[in-house]
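[1] Return a 3D structure for these sequence lines:
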Amino acid sequence: MNTPKKQVEQIREISGVDPYKCMKCGKCSASCPSYNEMDIKPHQFVSYVLREDIEALMQSRSLWKCLSCFACVERCPRDVKPGKLIDAARQMVLRQRGQEYLSPDEIPELLDPEIPQQLLVSAFRRYRR
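    Predicted structure coming up:
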């Protein structure tokens, strides 16, 4: 099992976010269309990461209520990107459940000439971390 410190490092690596830049202004939560459905609001996700309380994030309903619209990312004046933290926590949950992703050598057999290459590159970048 991962220690809280290791989980924080993993969330930071997956998301590419520096939660220490957050100034707790709440603009991310104010712009969130799912705000009323969330038990942990977007601005609170940053605080949970800073407090190393990753287990609470991974048990949160908010992971699955987030629409991934990234309104919070657009509104953040400090470029903290709480939506990316939420997405990173979501990916950690899926990985813990044992849902492995494709390795690069498995991809060629699944290629379809109708799939845009940009989609493949984007998916690979997202799931390789």
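
[2] Quick check, pLDDT for the spatially most central residue of the chain.
    Centroid-nearest residue in the chain, with CA atoms, centre = their mean: Asp87, separated by 1.9 Å. As summarised for this prediction, Asp87 has a pLDDT of 90.

[3] same check, this time on Ser60
    On the pLDDT scale, Ser60 is placed at 91.

[4] Could you give the number of residues near the nearest residue to it once chain neighbours are set aside?
    The shortest distance from Ser60 to any non-neighbouring residue, by CB to CB, 6 or more residues apart in numbering, is to Ile40 (4.7 Å). All C-beta atoms are positioned from the backbone trio N, CA, C, and that covers glycine. Other residues within reach of Ile40, judged by other CB atoms under 10 Å, total 21.

[5] Which element, helix or strand, includes Ile40?
    Of the helices and strands defined by DSSP states H and E, none includes Ile40.

[6] And for Arg61, the neighbour number?
    The tally of other residues near Arg61 (other CB under 10 Å) stands at 11.

[7] ok, now which ones touch Ser44?
    Not quite, residue 44 is Gln, not Ser. By CB atoms under 8 Å, 6 or more residues apart in numbering, the contact set of Gln44 is Ser29.
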